[in-house]
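Trainee: Build me a structure from this.
(3 chains)
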Amino acid sequence: MDDQTRMMTGLTGLGGLAQADVGDPDSVRKQQSLGQPQQDIGDILQQIMAITDESLDEAQARKHALNCHRMKPALFSVLCEIKEKTVLSIRGVQEEDPPDPQIMRLDNMLLAEGVSGPEKGGGSAAAAAAAAAAGGSPTDSSIEHSDYRAKLAQIRQIYHSELEKYEQACSEFTNHVMNLLREQSRTRPISPKEIERMVAIIHRKFSSIQMQLKQSTCEAVMILRSRFLDARRKRRNFNKQATEVLNEYFYSHLSNPYPSEEAKEELAKKCGITVSQVSNWFGNKRIRYKKNIGKFQEEANLYAVKTAVDAANVSAQASQANSPATPNSGSPGSYSLSHTGDTYLGLRSLNGEGLNIAPPLQPQVDTLHRATHLTGGYEELSGSGLYTPHRLDANSWQDTTNPPSVTSPPGPPGSVHSDTSN
DNA sequence: ATGCATGATTCTAA
DNA sequence: TTAGAATCATGCAT
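Mentor: So this is what the prediction gives:
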């Protein structure tokens, strides 16, 4: 502060000199003549030296005298006006900038991710949904989810503490500058508008720092998301029960393994997975089955027998109950929703003789048929009158590249069951 | 470490 | 939009 005061005093001293010269026609003339300027500069330097020799009290007194000069406010106000009209008006045009779209984007994103919003915001809910959609067993996903939330909370905490720091630093700096300018406004013309502008400039500088913080926070969240919620990374095998349910459906609908939306929903519910996962599973299953029927033969046999037994049990129960109701209603292996007729129609159209089977029975029939052929057993079932032992070549979905029927697999030795029914 | 199994994604065609 | 096909990335058994 001492230096400043001294400097200002020095400046006022110079100002005093200048003022002494103003309006003196002689001085102008003097400067025009050669040799005179050096003389003046010498004088000024001498005076400066004299100022530095002044005591602090003297300087203070001079400053005070200047501050109390009756013309000072008027003079400063005029000078401020001139300043406004010249320098500041040039800059003023570009100063009223609209809210930065970049920072708005970042804000929105942080809000969506639950970083900048309320504590238990939509971000974690979105994360939960994403984690659930990513699949895996519920336990696993909940573990992953809590881990994800912990990390997100960490990011959030860092973000907020940094933001607070920036805001504090910003307000501190602003206050400091404002005080400084107010102090200086006593010794040089500074309009309140100018202070305002200075504050705005400071805020802009700090907001650009804030943007960097927001940007890096967004990046951190993105990385976290991709690491924790990227489904590919998080692939978990479905549990045994789910796979069993899906396989059961697949092999019992082998002639047309395209579950309807309702069936998919039911399967998803049963397996504790999403509908899209069911779709993925069937997509993968169909293509892999088709590519290598031989490899899936054993599995097909297994599920065929299993479903056939179930079906037989259900039929037996139904007949025992002497009820005309649909035989598979309420059975664990039944998918009544899916029997909307597509398979049935397919069977009818492809089987020249026409089948006299009610649609809900078709899967069991399908399975029974296959079981009969594949295992060489269950002949008693095939002759039960429920089913006519013609191979129903309804599984045309396999036709494109491979021999069509499950009952006549191309590869495996030992299973030379040619489709005699054809 | 390696190879196979498997769920998910992406691209294409219908 | 959906299924098929290819591919990726991970899980798991060896």
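Trainee: what's the nearest residue to A:Asp100 if we skip its chain neighbours?
Mentor: A:Met211 (7.3 Å; C-beta to C-beta, 6 or more residues apart in numbering). (C-beta placed from N, C-alpha, C; glycine too.)
Trainee: quick one: that neighbour from DNA strand C, how far?
Mentor: 32 Å (C-beta to the nearest atom of the strand, to the nearest Å).
Trainee: same check, this time on A:Ser116
Mentor: According to C-beta to the nearest atom of the strand, A:Ser116 stands 29 Å off from DNA strand C.
Trainee: Quick one: residues contacting that residue.
Mentor: A:Asp107, A:Leu110, A:Tyr159 (C-beta atoms under 8 Å, 6 or more residues apart in numbering).
Trainee: A:Arg70 too?
Mentor: Residues counted as contacts of A:Arg70 (C-beta under 8 Å, 6+ apart): none.
Trainee: Next, it: secondary structure please.
Mentor: Classification of A:Arg70 using DSSP: H, G, I helix; E, B strand; the rest coil returns coil.
Trainee: contacting residues for A:Leu163?
Mentor: A:Gln210, A:Leu213.
Trainee: in what helix or strand does it lie?
Mentor: Under the criterion of DSSP states H and E, A:Leu163 resides in helix A:138-184.
Trainee: which residue sits closest to A:Pro257, ignoring its sequence neighbours?
Mentor: In space, A:Pro257 is closest to A:Phe250, 5.1 Å off (C-beta to C-beta, 6+ apart).
Trainee: before we move on, the earlier item: could you point out the helix or strand that follows the helix holding A:Leu163?
Mentor: Immediately after helix A:138-184, counting by DSSP H and E, sits helix A:192-229.
Trainee: sorry, back to before: for the residue nearest to A:Pro257, the count of nearby residues, please.
Mentor: 21 (other C-beta atoms under 10 Å).
Trainee: what do you get for A:Val309?
Mentor: As a burial measure, A:Val309 scores 16 neighbours (other C-beta under 10 Å).
Trainee: May I see the buried residues of stretch A:200-217?
Mentor: Using 16 or more other C-beta atoms under 10 Å as the test for burial, stretch A:200-217 gives A:Ile202, A:Phe206, A:Gln210, A:Leu213, A:Lys214, A:Thr217.
Trainee: what's the answer for stretch A:292-310, then?
Mentor: A:293, A:296-297, A:300-310.
Trainee: returning to that earlier point: doesn't A:Gly283 make contact with the residue nearest to A:Pro257?
Mentor: No: in this structure A:Phe250 lies outside contact range of A:Gly283 using C-beta atoms under 8 Å: 11.3 Å.
Trainee: can you give me the strands for chain A?
Mentor: Secondary structure of chain A (DSSP state E): no strands located.
Trainee: where in it is pLDDT low?
Mentor: Within chain A, the stretches with pLDDT under 70 are A:1-37, A:48, A:51-52, A:54, A:66, A:87-99, A:118-149, A:222-234, A:318-396, A:398-422.
Trainee: circling back to that earlier point, tabulate the buried residues of stretch A:292-310 (JSON lines), appending distance to A:Ser77.
Mentor: Shown next, in JSON lines, are these (distance: C-beta to C-beta, whole Å):
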{"residue": "A:Ile293", "distance to A:Ser77": "96"}
{"residue": "A:Phe296", "distance to A:Ser77": "94"}
{"residue": "A:Gln297", "distance to A:Ser77": "99"}
{"residue": "A:Ala300", "distance to A:Ser77": "97"}
{"residue": "A:Asn301", "distance to A:Ser77": "101"}
{"residue": "A:Leu302", "distance to A:Ser77": "98"}
{"residue": "A:Tyr303", "distance to A:Ser77": "95"}
{"residue": "A:Ala304", "distance to A:Ser77": "100"}
{"residue": "A:Val305", "distance to A:Ser77": "102"}
{"residue": "A:Lys306", "distance to A:Ser77": "98"}
{"residue": "A:Thr307", "distance to A:Ser77": "97"}
{"residue": "A:Ala308", "distance to A:Ser77": "102"}
{"residue": "A:Val309", "distance to A:Ser77": "102"}
{"residue": "A:Asp310", "distance to A:Ser77": "98"}
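Trainee: quick one: which of these is nearest DNA strand C?
Mentor: Checking the buried residues of stretch A:292-310 against DNA strand C with C-beta to the nearest atom of the strand, the nearest one is A:Ile293 at 12.1 Å.
Trainee: Quickly note the distance from the closest one to A:Glu299.
Mentor: Separation of A:Ile293 from A:Glu299 (C-beta to C-beta, to the nearest Å): 11 Å.
Trainee: likewise A:Lys270?
Mentor: In terms of C-beta to C-beta, A:Lys270 sits 19 Å off from A:Glu299.
Trainee: And A:Ile82, by the same measure?
Mentor: Taking C-beta to C-beta, one finds A:Ile82 at 92 Å from A:Glu299.
Trainee: In helices, which of the buried residues of stretch A:292-310 appear?
Mentor: Judged by DSSP state H, those include A:293, A:296-297, A:300-310 as members of helices.
Trainee: and which of these is nearest to A:Ala59?
Mentor: A:Phe296 (99.6 Å; C-beta to C-beta).
Trainee: count of residues packed around the closest residue to that closest one other than its chain neighbours?
Mentor: Using C-beta to C-beta, 6+ apart and skipping the chain neighbours, the partner closest in space to A:Phe296 is A:Tyr289 (5.1 Å). Residues lying near A:Tyr289 (other C-beta under 10 Å) number 22.
Trainee: what's the answer for A:Ala74, then?
Mentor: A:Ala74 has 10 nearby residues by other C-beta under 10 Å.
Trainee: and if you look at the one 4 residues further on?
Mentor: Neighbour count of A:Val78, defined by other C-beta under 10 Å: 11.
Trainee: Please report the distance of it from A:Met71.
Mentor: 10 Å.
Trainee: With A:Ser208 instead?
Mentor: 42 Å.
Trainee: What of A:Arg156?
Mentor: 58 Å.
Trainee: Which one's more surrounded, these two?
Mentor: Legend: neighbour count by other C-beta under 10 Å for A:Arg156 and A:Met71, higher for A:Arg156 (22 against 7).
Trainee: Give the closest residue to the more buried one in space, chain neighbours not counted.
Mentor: A:Val115 is the one closest to A:Arg156 (C-beta to C-beta, 6+ apart), at 5.0 Å.
Trainee: Hmm, that neighbour is touching A:Ser216, no?
Mentor: No: judged on C-beta under 8 Å, A:Val115 makes no contact with A:Ser216 at a distance of 11.6 Å.
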